[in-house]
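Asker: dropping the sequence and predicted coords here.
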Amino acid sequence: MVNEPFPRTGTLIEVTLILCEAAQVSEGKLSVLGAGWTRISANTPKSQALGLIVYVPFGLDRTHFGIQLRLLDFDCRQLSLKGHPVVRAAQLEVSSPAGMGPGEVHPCPMVFEFNRLAFEPGGYVWECRVDGDLRAIRPFRAI
């Protein structure tokens with residue numbers, strides 16, 4: 001058996017998506033409160049946040065990426081509240097830290113906040129796309 005080196009990250013951008021009650025980015029780190037839930041009370045307005053860590057491989061620095069979050073139902077239909085689709089978009093510009101080399105990734109934390117969302121009973125999915133490519137989903141249910 002040949003010992004293989006730890007696999008190197010290619011050009012794939014990975015995203016960790018965390019459902020939480022509150023989040024903030026400070027000093028390049030993501031801090032979250034009330035994270036990891038998958039069920040909420042139906043028809044109860046509540047603020048929530050989505051904490052993201054976008055992992056950008058070495059070699060893709062000095063690049064702009066489009067980040068988009070969409071709220072879907074379990075049938076993958078775009079969800080609208082008060083006649084407006086629940087979508088958030090942002091641009092991420094990445095500059096790798098000094099000394100970063102091949103095989104390393106640059107974690108880029110981000111927070112998206114949603115105030116007083118109320119969900120009818122059922123299943124929902126947050127999806128995260130980077131430059132149009134699906135990178136993460138996080139399902140939850142309102143009961």
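Answerer: Structure's in. What do you need?
Asker: near residue 134, how many other residues are there?
Answerer: 12 (other C-beta atoms under 10 Å). Just so you know, the C-beta spots here come from the backbone N, C-alpha and C atoms, and that holds for glycine as well.
Asker: err, residue 100, not the other one
Answerer: Other residues near residue 100 come to 15 when the count uses other C-beta under 10 Å.
Asker: would you check that it makes contact with residue 60?
Answerer: No - applying C-beta atoms under 8 Å, one finds residue 100 not in contact with residue 60, separated by 11.0 Å.
Asker: the lowest-mean-pLDDT helix or strand in the chain: partners in the sheet, and parallel or antiparallel?
Answerer: Least confident helix or strand, the chain: strand 80-81 with a mean of 84, by mean pLDDT, DSSP states H and E. If you go by DSSP bridges, strand 80-81 pairs up with strand 84-85 (antiparallel).
Asker: pLDDT of the partner strand, averaged?
Answerer: Averaged across strand 84-85, pLDDT comes to 90.
Asker: on that earlier part again, now do the least confident helix or strand of the chain: distance to the chain's middle.
Answerer: In terms of C-alpha atoms, centre = their mean, to the nearest Å, the centre of strand 80-81 is found 20 Å from the chain centre.
Asker: same thing with stretch 99-112?
Answerer: In terms of C-alpha atoms, centre = their mean, the centre of stretch 99-112 is found 14 Å from the chain centre.
Asker: and that stretch, how far apart are its ends?
Answerer: End-to-end distance for stretch 99-112, by C-alpha to C-alpha, to the nearest Å: 30 Å.
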